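Engineer: Sharing a sequence plus its predicted fold:
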Amino acid sequence: MPRIAVFASGSGSNFQALADAASSQKLGAELALLVCDKPRAYVLERAQAANVPHVVFEPKQYLSREQYEHDVLHVLEEYDIDWIVLAGYMRLITPVLLQAYEGRMVNIHPSLLPAFPGLHAVRQALDYGVKVTGVTVHLVDEGMDTGPIVAQQAVVIEPGDTEAELTARIQAVEHDLYPQVVRRLVSGKR
């Protein structure tokens, strides 16, 4: 069974969706490791509750992003990780990990890429006035949210939506879509 490492920086709601899918045998992979870059992130509590091994790497303790990722890569090799699944991981990936996991690193983003890449995608969509936004799952490349798109699902923006309301609807879609797409990818289907 493929072994995945989830990378997360925050509360970890997508990590939880993946952990729930793994525990109910619906992920098609073993959730073998959580990698986090924030020592106080709530996702660490979620990992502990799910009995998922976890490690924290603090980027500020490194001279470069590449040095940081070399240490991360060493741990990924120790855990025999086959896939990296980014779930709210708020760092750009360098060639250190991109080359080691080429075609085996996936990310989820709260917009219909290529629209609204980067931070605050939900706010960007509301500010721009679009009527539809959504969720994109894509392979990771050297750009910011620019890798090949694997799956997308639309979310209608309702009149008067607040950022919090729209975010909640988008996250509900993410929590359903991401485990399905990860299962498909790790099984060798694009």
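Structural biologist: Here it is on my side, so go on. Numbers count the residues shown, from 1 in each chain.
Engineer: rest of the way, CA atoms for contacts and neighbours
Structural biologist: OK.
Engineer: how much space between Thr167 and Ser24?
Structural biologist: Going from Thr167 to Ser24 by Cα to Cα, to the nearest Å gives 26 Å.
Engineer: Counting neighbours, go ahead and name the busier of these two.
Structural biologist: Legend: neighbour count by other Cα atoms under 10 Å for Thr167 and Ser24, higher for Thr167 (17 against 10).
Engineer: Helix, strand or coil: sort out the more buried one for me.
Structural biologist: Following DSSP: H, G, I helix; E, B strand; the rest coil, we place Thr167 in the helix state.
Engineer: I'd say it and Val122 touch.
Structural biologist: Yes - in this structure, Thr167 is within contact of Val122 by Cα atoms under 8 Å, at 6.6 Å.
Engineer: Report the beta-bridge partners for Val137.
Structural biologist: On the basis of DSSP bridges, Val137 is bridged to Ile108, Ala151.
Engineer: Any stretches of this protein with poor pLDDT?
Structural biologist: Counting by pLDDT under 70, the low-confidence segments of the chain come to 190.
Engineer: where exactly do the strands run in this protein?
Structural biologist: 3-8, 30-36, 54-56, 83-86, 105-109, 132-139, 149-156 (DSSP state E).
Engineer: Now the second one: buried residues?
Structural biologist: Going back to what we said before, that points to strand 30-36. Glu30, Leu31, Ala32, Leu33, Leu34, Val35, Cys36 (16 or more other Cα atoms under 10 Å).
Engineer: Contact partners for the last one?
Structural biologist: So that's Cys36. Phe7, Ala8, Ser9, Leu44, His54, Val55, Val56, Phe57, Tyr89 (Cα atoms under 8 Å, 6 or more residues apart in numbering).
Engineer: Quick check: it vs Leu44, distance?
Structural biologist: 8 Å.
Engineer: Common neighbours of these two, please.
Structural biologist: With Cα under 8 Å, 6+ apart, Cys36 and Leu44 have common neighbours His54.
Engineer: distance of Val72 from Ala8?
Structural biologist: Where Ala8 is concerned, Val72 sits at a distance of 13 Å (Cα to Cα).
Engineer: The two: who's more crowded?
Structural biologist: Using other Cα under 10 Å as the criterion, Val72 and Ala8 rank with Ala8 on top: 26 against 19.
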